[in-house]
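Chemist: Dropping the sequence and predicted coords here.
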There are 2 protein chains.
Amino acid sequence: MSHEALFTDLYELTMLRAYLAGNMRAPAVFEFFVRKLPERRSFLIAAGLAQALEYLENLRFDEEGLEYLARTVPLDPEHVEYLRTLRFTGDVDAVPEGTIVFPNEPLFRVVAPIAEAQLVETRLINILHFQTLLASKAVRSVLAAPGKLLVDFGSRRAHGLEAGVLCARAAFLAGFAGTSNLLAGQRFGIPVYGTMAHSFVQAHDDEVAAFRLFTRANPNTVLLIDTYDTERAAQDVVRLAREGIAIRGVRIDSGDLGAHAHAVRRILDAGGLERCTIFASGGIDEDALARLAASGAPIDGFGVGTRLDTSADAPYLDCAYKLQEYAGRARRKRSEGKATWPGRKQVFRKHAANGRMVEDVVTLVGDTQPGEPLLVPVMRGGRRLAEAEPLTVLRARVEAQIRSLPDELRALEAPPTPYPVRVSERLQALTAELDRTQR
Amino acid sequence: MSHEALFTDLYELTMLRAYLAGNMRAPAVFEFFVRKLPERRSFLIAAGLAQALEYLENLRFDEEGLEYLARTVPLDPEHVEYLRTLRFTGDVDAVPEGTIVFPNEPLFRVVAPIAEAQLVETRLINILHFQTLLASKAVRSVLAAPGKLLVDFGSRRAHGLEAGVLCARAAFLAGFAGTSNLLAGQRFGIPVYGTMAHSFVQAHDDEVAAFRLFTRANPNTVLLIDTYDTERAAQDVVRLAREGIAIRGVRIDSGDLGAHAHAVRRILDAGGLERCTIFASGGIDEDALARLAASGAPIDGFGVGTRLDTSADAPYLDCAYKLQEYAGRARRKRSEGKATWPGRKQVFRKHAANGRMVEDVVTLVGDTQPGEPLLVPVMRGGRRLAEAEPLTVLRARVEAQIRSLPDELRALEAPPTPYPVRVSERLQALTAELDRTQR
């Protein structure tokens, strides 16, 4: 998107002006990481890497954008010329999408001339934050409802178009079966699901007439049965099936979903429709899923909407993109409550013999530790090293990662003791040294 | 955006197939409204109308989108042909942006052939919901910090690009002075603000060297002083000013903002910098603003970020776009907890002699009541009746509306008795009649 370059904060440009004025062209190292977990979260799923790299590789300002900047920041002609030819030329190492990560672990590291690395801060955080937030939210529904068909239904209340599309991607990556959003389906090849709306039923004088027309136009479909009286509509479904009309399932969207599902299941089974599935929606999140699962509600699938797409219980992550090194020297921010670990870092993850994760160590690049390194090279000189991984690969990774998670981290509530993330001795020593010498 | 048409739910297309199969081409009336207020909200600010009308007027499917739909929904060639030539031909009446509204009041009414009116549901809700949510959130900061300079700083944690840009618009409309987001500045002419980041300071071996370079490149600017030691940096600012370097203000982004502001103010004043302003950021929302105002913190302006852009305490509104009439007959959804008021509605607002709002009445179109009608015609036959109102006009409207608000509704906490919204006798009678006759 040609306008994407302008999605940045004014201060990135005022700093750019100063970096150029000071002839500060040395490489800077910035790392993106999450400072702490929201309440009730035990881990995060890294996501958004494909979009972040696409943004960097295609970064360029269009003429309208340059005119606007020249007038507004304002910028001198030499700065405008710099921006006109600006391409991202840096290197990126990152944690592959779908990997489980924890606070203080860098997910994404940029090494680039400081003006470039700084300019991309706003949009990079915007991309990496949202999908990591959403994948980390969506996986909770997957954990709460094993074996159920989960579909993202939340586009209408997502925060704008991009949020709706990228939520569908993050949810699919985390294990959802698909989305209702056709744009997400087209863009990412995600399976799309849908039934019918209350308005369709209401537009008819009679609910049965609505069912007849809908099944004629959409054979073997799912009928929404809660517009007027759920159980009565279920009986109508049985009557229609006896006439030879194929009905794959019913959807319930209001009231006590568990109680209605039990009643509807009985009606359908008594009518010989044992294979007709029940799909539920309306106010669903991981807690509702866990309650319905615990009560044994006979529901086969769920539309998970608003509370997923807005990550309603934790609508943001405390995350940052921070300078860790400039011109070969490690740097550290010491602001109260916001201090960072300096230097160019790597994370090593140790697994037990049974494949379960046991500990992560955050250390400096070059300080090899036991276990597997999480960050891998993904971009050199502004070019991606490989095509984006298919979403099916990312889904499989999440599934494997979840299997390797300690049991207590799979619960909806965070355990009393978080997963151990240790800071290596070398990283602690560097930090202490900077605190002694840096003003 | 050519891809915007595809931002819709699959079920809008399965219903379209049935509407066409059933030759249902009569006009339908859909209304968008909020069902109930989030906790701690007393009113809403309607917003997003300009984007909603732009979407409707430009609605069209591109060939890639049509191919995708043909293959996926799937659609027959006749349906594809219908969509290829589809333009929105309907009428819209709406509440002007910047108007105060309450639950159950229609903000936006579409009258169009049912397939058209249905198809646009997903994106219309997506547009109207988000900006109404954000304007209603932003105005709380404006109420909590009268006379302070408020700037939207939250793009990086907004849910995607569109959310960042439209949050800036909604906040400006609600009374913010501007945004840090350059794309929002370009697109909507919103004033842009910015200072400098910690990374700029960290990239230097010495904080004072960073301040020197930054003020050289950006004369009369704002310096960020909390990277290492806030009060020590304030003393450096005084020293630099004595050298003749013009410094407009300082920013504090961490720690106890009120305590630091007091200490910094004393240092600046003692150094003769009485006119140097103090700007604060970091975890700001309306509650922090109210606390800082109550404590008399000498802060002149605030960057309000993440909690604004994500509407963190209430990240969504319970809202809907519902069929209220089809083929000339009023319709009503009766699902448990989600029943709607039927028919084509208007809202009348009564004011006291002192200009304060006293009561709203929701009634049917044609049933004129005392007071001013809130919904006005904005689109006929798919064409806007007027150009979009300038944002400055919308800002002025919000300001006037806030002045007319009863005092108790201006507090951050909702009053025990909500603002009175009465349902007219004629609307109640129609509802009762439908409940008797509609199956």
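Modeler: Here it is on my side, so go on. As the structure is a prediction and not an experimental result, all values here were calculated from the model.
Chemist: Assign A:D360 to helix, strand or coil.
Modeler: strand (DSSP: H, G, I helix; E, B strand; the rest coil).
Chemist: list the contacts for it?
Modeler: A:F102, A:E105, A:V347, A:F348, A:R349, A:K350, A:G371, A:L374, A:Y419, A:P420, A:V421, A:R422 (C-beta atoms under 8 Å, 6 or more residues apart in numbering or on different chains). C-beta: built from backbone N, CA, C; applies to glycine.
Chemist: and those residues, which two are the farthest apart?
Modeler: The two members of these with the most space between them (C-beta to C-beta) are A:L374 and A:P420, at 14.9 Å.
Chemist: Of those two, give the one with the bigger neighbour count.
Modeler: Between A:L374 and A:P420, counted using other C-beta atoms under 10 Å in any protein chain shown, the more crowded position is A:L374 (22 against 13).
Chemist: and the residue nearest to that one when sequence neighbours are not counted, backbone torsions?
Modeler: Closest residue in space to A:L374, ignoring its immediate chain neighbours: A:V347 at 4.3 Å, by C-beta to C-beta, 6 or more residues apart in numbering or on different chains. Phi and psi for A:V347, reported as degrees, to the nearest 10, are phi -120, psi 130.
Chemist: What pLDDT does the model give A:V347?
Modeler: On the pLDDT scale, A:V347 is placed at 98.
Chemist: What is the neighbour count of it?
Modeler: Look at A:V347: counted by other C-beta under 10 Å, it has 24 neighbours.
Chemist: beta partners of it?
Modeler: Taking DSSP bridges as the rule, A:V347 bridges to A:V362.
Chemist: name the element the spatially most central residue of chain A belongs to?
Modeler: The centroid of chain A falls nearest to A:Q131 when counting by C-alpha atoms, centre = their mean (2.6 Å). Assigned by DSSP states H and E, A:Q131 belongs to helix A:121-144.
Chemist: Starting from the helix or strand following that helix, tell me which strands it pairs with and how they run.
Modeler: The element immediately downstream of helix A:121-144 (helix or strand, assigned by DSSP H and E) is strand A:149-152. Here strand A:149-152 has these sheet partners by DSSP bridges: strand A:178-179 (parallel), strand A:301-304 (parallel).
Chemist: Dump those strands to CSV, plus mean neighbour count and mean pLDDT.
Modeler: Formatted as CSV, the strands paired with strand A:149-152 follow (neighbours: other C-beta atoms under 10 Å in any protein chain shown; pLDDT from 0 to 100):
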stretch, mean neighbour count, mean pLDDT
strand A:178-179, 26, 98
strand A:301-304, 25, 98
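Chemist: export the contacts of A:D360 to CSV and tack on distance to A:T306 and secondary structure?
Modeler: Shown next, in CSV, are those (distance: C-beta to C-beta, whole Å; DSSP: H, G, I helix; E, B strand; the rest coil):
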residue, distance to A:T306, secondary structure
A:F102, 28, coil
A:E105, 30, coil
A:V347, 34, strand
A:F348, 39, strand
A:R349, 34, strand
A:K350, 39, strand
A:G371, 39, coil
A:L374, 33, coil
A:Y419, 30, coil
A:P420, 35, coil
A:V421, 32, strand
A:R422, 38, strand
